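[1] what would the 3D arrangement of this be:
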Amino acid sequence: MWAPIAGVLVLAGVLASVLGARATARSSEDNARLAFHLSSAEIASTLTLAIQHEEDLIVSASAFVAGSPDASPADFDRWAQAVNAMARYPELQNLGLVKLVPASRLASFAKRLAADPVRPLGPSSRAPAGPLVLAPPGPRPYYCLATAGLARGAASYLPAGVDYCALAPTLFTTRETGLVTYAPVAGRRGAALGIEAPVYSDGVTPSTAAARRRAFVGWVGELVVPRVVLARALQGHRGVAVSLRYGSHVAFSSGVPPRGAQSTVIALANDWTVQSFGAPVSASVLTDPHALTVLLGGALLSVLVGLLLAVLATGRTRALSLVREKTRELSHQALHDPLTGLPNRALVLDRAEQMLARVARTPGALASALYVDVDGFKHVNDTHGHAAGDRLLTVAGERLAGAVREQDTVGRLGGDEFIVLVEPSPDGPTPDVLADRLIETLREPVELGEEGKPFSVTASIGVASGVYASPDELLRDADLALYAAKAAGKDRYALFDVGLCGDAEGRMALQTDLSTAVSEDQLFLHYQPIFDLANRRLVAVEALVRWRHPQRGVVAPVNFIPLAEESRLIVPIGRWVLDEACRQAAAWAAEGLRLDVAVNVSAYQLNRKDFAEDVRHALAQSGIAPSSLMLEITETTLARDVPAAVERLEEVKAVGVRVAIDDFGTGYASLSHLQRMPIDVLKIDRSFVAALDGGQQSRALLAAILSVGESLSLSMVAEGIEHRSQRTTLEQMGCQMAQGFLFGRPGPAEDIEGLLGSHLQPVG
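    You can find the predicted model right below:
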């Protein structure tokens with residue numbers, strides 16, 4: 001009887017294993033395709049920025065030539081040195097100016113060139129000697145000859161007598177159309193990309209072909225090494241090959257597509273396309289290690305079940321022993337996290353229930369839970385891969401378990417979230433002290449991957465403590481406190497209070513109280529200093545609103561600002577903040593102290609047609625100079641509707657105040673959008689500063705943001721500076737201003753005067 005039953009179970013288990021393995025293989029295939037498409041999109045984005053980067057140099061050179069049409073080769077060299085062209089554009093091989101020379105003026109052109117020759121290797125290099133030699137030789141009505149230019153080295157130098165129109169007849173077409181053209185150029189070290197742009201007087205392209213011929217000055221041209229651009233785009237994308245194409249005739253490739261490779265084509269701007277090739281994927285069970293594991297594991301488990309039944313047939317004692325052993329293993333797996341070995345959610349809830357029962361029996365005892373979130377986990381996963389992310393979670397679990405007492409419980413709830421249950425004890429640490437200890441413990445560098453490079457992350461912790469009826473309520477309050485800690489800037493802990501309650505009744509009561517906060521003088525401002533990094537002087541403060549509730553005490557902005565925006569109470573609150581900040585700036589000025597003041601503006605405020613009038617009223621009432629007031633608008637707010645944002649900002653700018661983009665780098669505003677917006681300051685989001693310890697890639701990203709601000713002539717303010725190393729790095733990278741806890745926490749006006757008075761600048 002037992003043999004047929006065991007056989008049926010084994011066959012059913014093997015069939016289920018096959019089906020599960022096939023499903024796993026298909027899932028792996030889908031994940032591989034998704035990863036490839038995400039990688040291709042990132043490569044395409046990098047190449048788009050690279051093309052825009054090259055066009056920026058063409059536009060800059062064209063502007064110089066249009067403004068100085070009679071500039072000498074030395075003038076061109078000085079301009080190229082001023083913009084640092086060869087250093088900022090490592091892919092650049094040649095950069096020059098070509099003019100149209102009629103045959104009748106060839107002799108005078110040669111004489112002028114001999115007197116002031118082109119020095120392609122820089123101002124200090126020796127100019128080629130001897131007469132002008134045309135290449136290709138022969139008489140022609142017109143010649144297109146270089147009048148100025150630079151080359152990266154002697155290998156890429158082109159003689160002054162090269163007739164570019166004879167080599168590239170399309171130059172005359174570009175003069176007629178006014179468009180930038182791209183063409184492949186065969187060089188000694190492989191194909192290069194030639195970029196030519198016509199230049200017209202006054203820097204304006206006329207509307208007709210005849211007008212363009214009359215206003216024509218010459219051509220600005222670049223010779224670019226595509227392999228440098230492609231290699232930069234492929235950094236961090238192993239096994240991927242790309243082909244960059246312009247129209248249907250210019251193509252450059254990097255890497256060798258594997259046989260049967262998957263590919264995708266993405267259209268870039270201005271007729272450019274990029275095709276990416278990745279490793280082939282298949283849904284084969286035998287080639288997918290995960291699917292093969294499922295298949296073999298399921299089949300093995302089925303056989304084990306069959307053997308178990310066979311053992312039952314031969315001896316009840318041995319079968320029961322085997323069942324007990326397997327039960328213990330399955331029980332442990334059901335109650336513990338497979339990665340860290342810590343208790344999972346089910347076991348955490350069970351232990352929390354037991355702890356609450358003990359607290360209920362002990363007068364004066366409180367149950368405490370710490371909800372821990374690893375702030376840098378997503379960055380590690382995205383930058384170093386899932387293996388490094390798993391390593392980080394394992395180390396975090398070990399450190400948390402080592403930092404608490406034996407009777408406390410450390411569990412993993414999933415992802416990068418951990419929970420710590422603190423048993424009440426007279427001699428034990430308080431929850432806030434323990435939270436500080438855990439944050440410091442997790443800040444210690446972790447070695448990720450085989451290279452052994454240390455990587456630092458931070459943690460946010462929500463703390464709930466009290467007498468609770470159920471574990472769900474305890475964890476809910478700790479989770480709400482965690483949300484408040486993350487909203488306050490991460491790398492900190494927050495204690496739960498009733499103001500964090502998210503139920504409808506509590507929110508409605510808080511909203512009702514908020515409606516009277518302005519009229520009953522419950523609002524007040526704190527100010528956080530902004531320093532000039534070069535001379536360590538305090539130049540401005542950011543005004544931050546706070547609410548002193550008559551029963552709940554001080555309510556954090558994260559708990560009432562969203563309510564204010566939902567109920568439109570943000571309008572009177574924002575108007576009060578604007579008036580009070582301007583009044584305080586006027587009071588400082590009356591004491592002989594000049595401090596600019598920055599005020600945050602919500603999207604709803606900016607959308608109102610009367611907002612500019614509110615600004616005028618605050619300035620008139622206080623009497624401060626409009627330039628002393630700066631309005632901060634988040635990048636996300638501006639990116640929602642760029643044309644409307646530009647129109648509203650221009651109306652505000654007409655008042656005379658300055659405008660800053662807050663939390664820059666988190667809202668995906670493009671360079672073209674920034675060029676259109678009437679802004680004065682970019683405030684770099686604190687996440688980029690916090691990531692400075694994450695390696696060279698994070699530093700390069702911050703450098704790119706600073707370069708954007710420099711290219712747009714904008715002042716740059718770095719937010720969230722908490723360590724001296726961050727300040728030193730930002731100084732070295734050329735950032736002008738900074739704010740953060742290293743310089744001073746937000747405080748009342750008297751704290752600013754008392755603690756930082758020596759840094760305030762006198763009026764005049």
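[2] gap between the two ends of stretch 232-241?
    When the termini of stretch 232-241 are compared using CA to CA, to the nearest Å, they are 12 Å apart.
[3] how about residues contacting it?
    Outside of stretch 232-241, the residues within contact range by CB atoms under 8 Å, 6 or more residues apart in numbering are 36, 39-40, 42-43, 46-47, 50, 91, 242, 253-258, 261, 276-279, 697. Every C-beta, even on glycine, is put in place using the N, C-alpha and C of the backbone.
[4] which parts of it are buried?
    Taking 16 or more other CB atoms under 10 Å as the neighbour-count basis, stretch 232-241 is seen to contain the buried residues 233-234, 237, 240-241.
[5] how about stretch 351-358?
    Across stretch 351-358, burial judged by 16+ other CB under 10 Å covers 351-352, 355-356.
[6] now stretch 511-519
    Neighbour-count burial for stretch 511-519, counted by 16+ other CB under 10 Å, picks out 513-514, 517-518.
[7] how about it as PDB, C-alpha atoms only?
    Taking only C-alpha atoms (Å, rounded to 0.1, in the frame of the first residue of the first chain), the coordinates of stretch 511-519 have been written out as PDB:
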ATOM      1  CA  GLN A 511      -6.200  70.700  11.000                       C
ATOM      2  CA  THR A 512      -8.900  72.500  13.000                       C
ATOM      3  CA  ASP A 513      -6.300  73.700  15.500                       C
ATOM      4  CA  LEU A 514      -4.000  74.800  12.600                       C
ATOM      5  CA  SER A 515      -6.700  77.100  11.300                       C
ATOM      6  CA  THR A 516      -6.300  79.400  14.400                       C
ATOM      7  CA  ALA A 517      -2.500  79.100  14.600                       C
ATOM      8  CA  VAL A 518      -1.800  82.400  12.800                       C
ATOM      9  CA  SER A 519      -4.500  84.500  14.500                       C
END
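[8] average pLDDT for the helix or strand harbouring Ala589?
    Assigned by DSSP states H and E, Ala589 belongs to helix 570-590. Predicted confidence along helix 570-590 averages 93 (mean pLDDT).
[9] that helix - contacts with which helices or strands?
    Identification of packing neighbours for helix 570-590 by 3 or more CB pairs under 8 Å, 6 or more residues apart in numbering; DSSP states H and E yields strand 523-532, strand 537-549, helix 557-566, strand 596-600, helix 603-607, helix 611-622, strand 629-634, helix 749-756.
[10] the fifth one - what's its average pLDDT?
    The reference is to helix 603-607. Averaging pLDDT along helix 603-607 gives 81.
[11] ok, back up a step: tell me the buried residues in the helix holding Ala589?
    570-571, 573-586, 588-589.
[12] same thing with stretch 158-172?
    The neighbour-count check on stretch 158-172 (16+ other CB under 10 Å) flags 158, 160-166, 168, 171 as buried.
[13] returning to what we had before: what's the angle between the helix holding Ala589 and strand 629-634?
    Relative orientation of helix 570-590 with respect to strand 629-634: 140 degrees, computed using axes from the mean of the first three to the mean of the last three CA atoms, to 10 degrees.
[14] what are the structural domain limits within this protein?
    67-232, 345-496, 521-762 (automatic domain parsing).
[15] okay, those domains in a markdown table with distance to Ala299 next?
    Listed next are the domains of the chain as a markdown table, based on distance: least, CB to CB, whole Å:
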| stretch | distance to Ala299 |
| --- | --- |
| domain 67-232 | 46 |
| domain 345-496 | 27 |
| domain 521-762 | 44 |
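[16] give me the pLDDT for Ala313.
    According to the model's per-residue confidence, Ala313 sits at a pLDDT of 66.
[17] save the buried residues of stretch 232-241 as CSV, and put in secondary structure and pLDDT too.
    Below are those laid out as CSV (DSSP: H, G, I helix; E, B strand; the rest coil; pLDDT from 0 to 100):
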residue, secondary structure, pLDDT
Ala233, helix, 83
Leu234, coil, 85
His237, coil, 85
Val240, coil, 88
Ala241, strand, 89
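[18] mind listing the strands for the stretch 601-750 of the chain?
    According to DSSP state E, counting those that start in this stretch, the stretch 601-750 of the chain carries its strands in the segments 629-634, 658-664, 681-684, 715-718, 737-738.
[19] so which of the ones you listed comes closest to Leu268?
    Of all the strands of the stretch 601-750 of the chain, the one in closest proximity to Leu268, counting by CB to CB, is strand 658-664 (24.2 Å).
[20] just the buried residues of stretch 232-241 now: which is nearest Leu701?
    Nearest to Leu701 among these, with distances taken as CB to CB, is Ala233, at 15.1 Å.
[21] what is the burial count for the closest residue to the closest one other than its chain neighbours?
    On the basis of CB to CB, 6 or more residues apart in numbering, the spatially nearest residue to Ala233 that is not a chain neighbour turns out to be Thr46, at 4.2 Å. Neighbour count of Thr46, defined by other CB atoms under 10 Å: 18.
[22] ok, Thr46 to Thr729 distance?
    Remark: distance between Thr46 and Thr729 (CB to CB, to the nearest Å) = 24 Å.
[23] could you do Pro572 as well?
    Using CB to CB, which is the criterion applied here, Pro572 is 42 Å from Thr729.
[24] okay, buried residues for stretch 17-29 please.
    So for stretch 17-29, counting by 16+ other CB under 10 Å, buried means 17-18, 20-22, 24-25, 28-29.
[25] equivalent analysis for stretch 617-627, please.
    Residues of stretch 617-627 classed as buried by neighbour count (16+ other CB under 10 Å): 618-619, 622, 624.
[26] ok, the spatially most central residue of the chain to Leu335 distance?
    For the chain, the residue sitting closest to the mean C-alpha position, by CA atoms, centre = their mean, is Gly665 at 5.2 Å. Between Gly665 and Leu335 the distance is 42 Å, computed by CB to CB.
[27] repeat for Ser108
    Taking CB to CB, one finds Ser108 at 92 Å from Leu335.
[28] what sits against the nearest residue to Pro257 once chain neighbours are set aside?
    Nearest-residue entry for Pro257: Phe277, 3.6 Å, with adjacent residues in sequence omitted and distances by CB to CB, 6+ apart. The contact partners of Phe277, by CB under 8 Å, 6+ apart, come to 240-243, 255, 257-258, 261-263.
[29] what about Phe277, helix or strand, and which?
    Here Phe277, judged by DSSP H and E, is contained in strand 272-278.
[30] buried ones in whichever helix or strand comes after that strand?
    Under the assignment DSSP H and E, the closest C-terminal helix or strand after strand 272-278 is helix 289-314. By 16+ other CB under 10 Å, the buried positions in helix 289-314 come out as 291-292, 294-295, 298-299, 302, 305-306, 308-309, 311-312.
[31] tell me the SS of the nearest residue to Ser276 once chain neighbours are set aside?
    Excluding the flanking residues, the one nearest Ser276 by CB to CB, 6+ apart is Ser40, at 3.9 Å. Each residue gets one of three states, and Ser40 gets helix by DSSP: H, G, I helix; E, B strand; the rest coil.
[32] Ser40: neighbour count?
    Neighbour count of Ser40, defined by other CB under 10 Å: 23.
[33] now do Arg476
    By the criterion of other CB under 10 Å, Arg476 has 19 neighbours.
[34] can you list contacts of the one helix or strand it maps to?
    Assigned by DSSP H and E, Arg476 belongs to helix 471-487. With contact meaning CB under 8 Å, 6+ apart, helix 471-487 is reached by 348-349, 352-353, 356, 367, 369-373, 375, 419, 460-464, 466, 468, 492-496, 500-502, 556, 558-559.
[35] tell me the angle of that helix relative to helix 557-566?
    When the same axes, to 10 degrees is applied, the directions of helix 471-487 and helix 557-566 differ by 90 degrees.
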